[in-house]
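K.L.:
sequence plus predicted model, see below.
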Amino acid sequence: MIRLRTAGASALFLAILALPRVPSLGQEAAVPIEPADLGRRADLVGKLISVDDRVKHYIMTPSGPFDELHLKRTNVVLRLRGPQRPRSQPRPMPVIAVGRLAREGDQLVMDVSSLAVQLSDLERLEKGVSALPPGDFENRKAWAAWAEKRGAEFKDAALSEKARGVLTEALRLEADGRRGTVDAPREWLAMAEEARRRGVKEPEPSALAHRAFRAQLAEANGLKSLEALQKSVERFFPNAASDVDSGRLNLARWDEPYRNDPAGAYRMAAADQRKGLDRRLWGDVEQKILEAKAAADPISAIELATEAERRLPERKDPLANRLLAQGLGVARQNLGTLRKDEARSMAAIYRDRLNDPRAAQELLRAWLRIRRDRLSETDADGPVELASLYEEMLQDRTAAKELLDRAWKIAPGTNAIAEAFRTRGYRLDKDQWVELSATAPTENPSPNPAPAAGLGGGLRGKSTDEVLRQIGSKPDSKVLCGTRGQVVEQWIFHLPGQNKDRYVNFLRSAGDLRPHVISDYTLPRPAVGMRK
């Protein structure tokens, strides 16, 4: 009578194979051996062993009974004696053979003492798994490994497919069982990597990975850990960092399910949606990295906003704008330390990127106010330079006039200051500089009237070549005024058929490659005797 015995799950074959107990002197136990090892291990000769394999064929003696058995994965001949010899043609079913290995000349043979015909491998797998308790993932994994190995060696696609299904079930059970352990996310990721390594079909490996990575992202508490996490995500999902199109998919219906159960939602999603979830996972890690960098170095948030637009274009508006606002807020606290080009760049961000021209004007005005407050009471050049900046940045002729008046009071009669007044359309009346339009009582132009029709639109910011192309004619006269490395060049155009002149002022600062227009206005043409 054959008795069945199983051992602990730690030993694969003892855990899952039904092995016959062979009665013998001293109750010697048969040692389970892989078929391929029979011909390689000399230490097995003389020992009682058991072999589990598929039958290749039986050999029949001339007298009638089948007395030899050949297995598929070994060249060792199994000799059948007595009741083990079938009288009729046997089916080549899998068998577990127990016997003693011996050597006869150059040939290894096994004298079989017991032979147990088994169900087909697929039936054994199904029956073995069905007998396990619902939460027994360890023995399910052992059965899966057994079937996976035999499926590969026998090229049995159905068995291999079933093995992957059993492994999938085992990994899910194991993942649920790891919840609440000391490092469940690391264990989940190890299961995901094992599943992918063993050929488990998607989406199971990726679902387990999402479960692990989401938990790790929630626990990440520093830039270093976030960057390490990102590398892990990119190793598991190598296309996620570049798959911008998937990042633009509408995944709104998966927001709540994915938040509550990343693995479960991922399994239910369609293939293209799963790619979108891969990109979202990578994007969430990247976003946290950018935010961590901005928190560590707030002033860098402005540059990081550009990086966000490049790496996460599908999130550029909310993320980049938030980073910009963060960086700009910090920079404004240190407004007085900014150079002119930095202040202009910040204003451009407000105006062009955040669509907030009012904030841009306020920033430039605050920056200029700081410069104005720092002027020395005895410095005449500083106000002239700052007047050009008010015109360049804000087109504020009123503030520029106030600064020129201040310079004139400090150093009256200075040619450079007088020339700065004249280039802006002022004349000296007694001891006050007044606009040339003040001599024409019928005219009451605004400080910055619009250019005359037919001579081009607004010119602010344009170069000399661009102004010539837009207006279509050369200036009737030019005036130069320079101070502290800045030169204001004024072009004067006589407007045809009108008693007015158009004044276009260019500023060239140290380091500028080309002068650009800082103001453009028309004024009544002064009388000949007043052009001084």
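P.N.:
Perfect, I can see it now.
K.L.:
restricting to C-alpha, output whichever strand or helix holds E138 in PDB.
P.N.:
Take DSSP states H and E as the rule and E138 turns out to sit in helix 137-153. Output of helix 137-153 as PDB, limited to C-alpha atoms (Å, rounded to 0.1, in the frame of the first residue of the first chain):
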ATOM      1  CA  PHE A 137       0.500  31.800  -0.500                       C
ATOM      2  CA  GLU A 138       3.800  29.900   0.300                       C
ATOM      3  CA  ASN A 139       2.600  26.500  -0.900                       C
ATOM      4  CA  ARG A 140       0.900  28.200  -3.900                       C
ATOM      5  CA  LYS A 141       4.300  29.700  -4.800                       C
ATOM      6  CA  ALA A 142       5.900  26.300  -4.400                       C
ATOM      7  CA  TRP A 143       3.300  24.600  -6.700                       C
ATOM      8  CA  ALA A 144       3.800  27.500  -9.200                       C
ATOM      9  CA  ALA A 145       7.600  26.900  -9.200                       C
ATOM     10  CA  TRP A 146       7.200  23.200  -9.700                       C
ATOM     11  CA  ALA A 147       4.800  23.700 -12.600                       C
ATOM     12  CA  GLU A 148       6.900  26.500 -14.000                       C
ATOM     13  CA  LYS A 149      10.000  24.300 -14.100                       C
ATOM     14  CA  ARG A 150       8.300  21.300 -15.700                       C
ATOM     15  CA  GLY A 151       6.400  23.500 -18.200                       C
ATOM     16  CA  ALA A 152       9.700  25.000 -19.400                       C
ATOM     17  CA  GLU A 153      11.500  21.600 -19.500                       C
END
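K.L.:
which residues are contacting that helix?
P.N.:
9, 12-13, 15-17, 73, 121, 125, 128-129, 132, 156-164, 166-167, 169-171, 173-174, 177, 198 (C-beta atoms under 8 Å, 6 or more residues apart in numbering). All C-beta atoms are positioned from the backbone trio N, CA, C, and that covers glycine.
K.L.:
flag every buried residue along that helix.
P.N.:
137-148, 150-151, 153 (16 or more other C-beta atoms under 10 Å).
K.L.:
report the buried members of the contacts of helix 137-153.
P.N.:
13, 15-17, 73, 121, 125, 128-129, 132, 156, 159-160, 162-164, 166-167, 169-171, 173-174, 198.
K.L.:
next, work out how far apart the closest residue to P65 other than its chain neighbours and A416 are.
P.N.:
Spatially, and ignoring its direct neighbours in sequence, P65 is nearest to R85 (4.1 Å; C-beta to C-beta, 6 or more residues apart in numbering). The gap separating R85 from A416 is 123 Å, by C-beta to C-beta, to the nearest Å.
K.L.:
which one of these two has more residues nearby?
P.N.:
R85 (20 against 15; other C-beta atoms under 10 Å).
K.L.:
how's this protein carved up into domains?
P.N.:
Following automatic domain parsing, the chain resolves into domains at 4-118, 135-146+153-303, 464-530.
K.L.:
sheet partners, orientation included, of the lengthiest strand in the chain?
P.N.:
Longest strand in the chain, counting residues (DSSP state E): strand 48-60. Taking DSSP bridges as the criterion, strand 48-60 forms sheet pairs with strand 31-33 (parallel), strand 66-71 (antiparallel), strand 94-104 (antiparallel).
K.L.:
check which residues of the first one are buried.
P.N.:
Right, strand 31-33. 32-33.
K.L.:
what about that strand, distance to the chain center?
P.N.:
51 Å (C-alpha atoms, centre = their mean, to the nearest Å).
K.L.:
pretty sure R73 sits in a strand.
P.N.:
No - assessed with DSSP: H, G, I helix; E, B strand; the rest coil, R73 is coil; it does not lie in a strand.
K.L.:
which residues does it contact?
P.N.:
34-36, 53-54, 153.
K.L.:
mind saving the C-alpha coords of stretch 419-427 as CSV?
P.N.:
Output of stretch 419-427 as CSV, limited to C-alpha atoms (Å, rounded to 0.1, in the frame of the first residue of the first chain):
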residue,chain,number,x,y,z
GLU,A,419,21.2,117.8,-22.8
ALA,A,420,19.1,115.1,-21.0
PHE,A,421,16.3,117.7,-20.6
ARG,A,422,16.5,118.8,-24.3
THR,A,423,16.4,115.2,-25.6
ARG,A,424,13.2,114.7,-23.8
GLY,A,425,11.5,117.8,-25.2
TYR,A,426,12.1,120.3,-22.5
ARG,A,427,13.5,123.9,-22.7
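K.L.:
which phi and psi does Q107 have?
P.N.:
When read as degrees, to the nearest 10, the backbone of Q107 gives phi -110, psi 130.
K.L.:
can you confirm L523 is in a strand?
P.N.:
Yes - L523 forms part of a strand when assessed by three-state DSSP.
K.L.:
what about it, distance to Y503?
P.N.:
7 Å.
K.L.:
what touches both of those two?
P.N.:
In contact with both L523 and Y503: G425, using C-beta under 8 Å, 6+ apart.
K.L.:
pull the helix or strand with minimum mean pLDDT from this protein.
P.N.:
The helix or strand of the chain with the poorest confidence is strand 4-5; it has a mean of 28 (mean pLDDT, DSSP states H and E).
K.L.:
so where's the stretch 151-300 of the chain shaky on pLDDT?
P.N.:
179-182 (pLDDT under 70).
K.L.:
switch the cut-off to 80
P.N.:
177-183, 295, 297-300 (pLDDT under 80).
K.L.:
what about I492, which SS state?
P.N.:
strand.
K.L.:
just give the nearest non-adjacent residue to it, would you?
P.N.:
I492 sits nearest to S477 (C-beta to C-beta, 6+ apart), 4.7 Å away.
K.L.:
so the residue nearest to D356 when sequence neighbours are not counted: helix, strand or coil?
P.N.:
Excluding the flanking residues, the one nearest D356 by C-beta to C-beta, 6+ apart is Y350, at 4.8 Å. Following three-state DSSP, Y350 is assigned to helix.
K.L.:
what's the neighbour count on Y350?
P.N.:
Using other C-beta under 10 Å: Y350 sits among 21 other residues.
K.L.:
for A97, same thing?
P.N.:
24.
K.L.:
same question for V285.
P.N.:
V285 - counted by other C-beta under 10 Å - has 23 other residues nearby.
K.L.:
could you list every helix and strand that whatever helix or strand it lives in packs against?
P.N.:
Using DSSP H and E, V285 maps to helix 271-296. When contacts are defined as 3 or more C-beta pairs under 8 Å, 6 or more residues apart in numbering; DSSP states H and E, helix 271-296 packs onto helix 204-219, helix 223-236, helix 244-247, helix 262-268, helix 301-311, helix 321-333.
K.L.:
ok, then the element right after the shortest one?
P.N.:
Proceeding N to C from helix 244-247, the next assigned helix or strand is helix 255-260, under DSSP H and E.
K.L.:
does L386 touch R372 like I think?
P.N.:
Yes - at 6.1 Å, L386 counts as touching R372 under the criterion of C-beta atoms under 8 Å.
K.L.:
okay, those two: which has more neighbours?
P.N.:
Ranked by neighbour count (other C-beta under 10 Å), L386 and R372 place L386 first, with 22 against 18.
K.L.:
buried ones in stretch 416-431?
P.N.:
Buried residues in stretch 416-431 (16+ other C-beta under 10 Å): 417-427.
K.L.:
return the subset of those lying in strands.
P.N.:
426-427.
K.L.:
among the buried residues of stretch 416-431, which pair sits farthest apart?
P.N.:
I417 and G425 (15.0 Å; C-beta to C-beta).
K.L.:
dump stretch 468-486 to PDB, keeping only the CA atoms.
P.N.:
What follows is stretch 468-486 as a C-alpha-only set of coordinates in PDB (Å, rounded to 0.1, in the frame of the first residue of the first chain):
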ATOM      1  CA  LEU A 468      13.800 102.800 -39.700                       C
ATOM      2  CA  ARG A 469      11.900  99.900 -41.400                       C
ATOM      3  CA  GLN A 470       8.700 100.600 -39.500                       C
ATOM      4  CA  ILE A 471       8.700 104.400 -40.000                       C
ATOM      5  CA  GLY A 472      10.100 104.200 -43.500                       C
ATOM      6  CA  SER A 473      12.300 107.300 -43.400                       C
ATOM      7  CA  LYS A 474      15.400 108.600 -41.700                       C
ATOM      8  CA  PRO A 475      15.200 111.100 -38.800                       C
ATOM      9  CA  ASP A 476      15.500 114.800 -39.600                       C
ATOM     10  CA  SER A 477      17.900 115.300 -36.700                       C
ATOM     11  CA  LYS A 478      19.600 113.400 -33.900                       C
ATOM     12  CA  VAL A 479      20.700 114.400 -30.400                       C
ATOM     13  CA  LEU A 480      23.000 112.400 -28.000                       C
ATOM     14  CA  CYS A 481      23.200 112.600 -24.300                       C
ATOM     15  CA  GLY A 482      25.400 110.300 -22.100                       C
ATOM     16  CA  THR A 483      26.100 109.700 -18.400                       C
ATOM     17  CA  ARG A 484      27.500 106.900 -16.300                       C
ATOM     18  CA  GLY A 485      27.900 104.400 -19.100                       C
ATOM     19  CA  GLN A 486      24.500 105.100 -20.600                       C
END
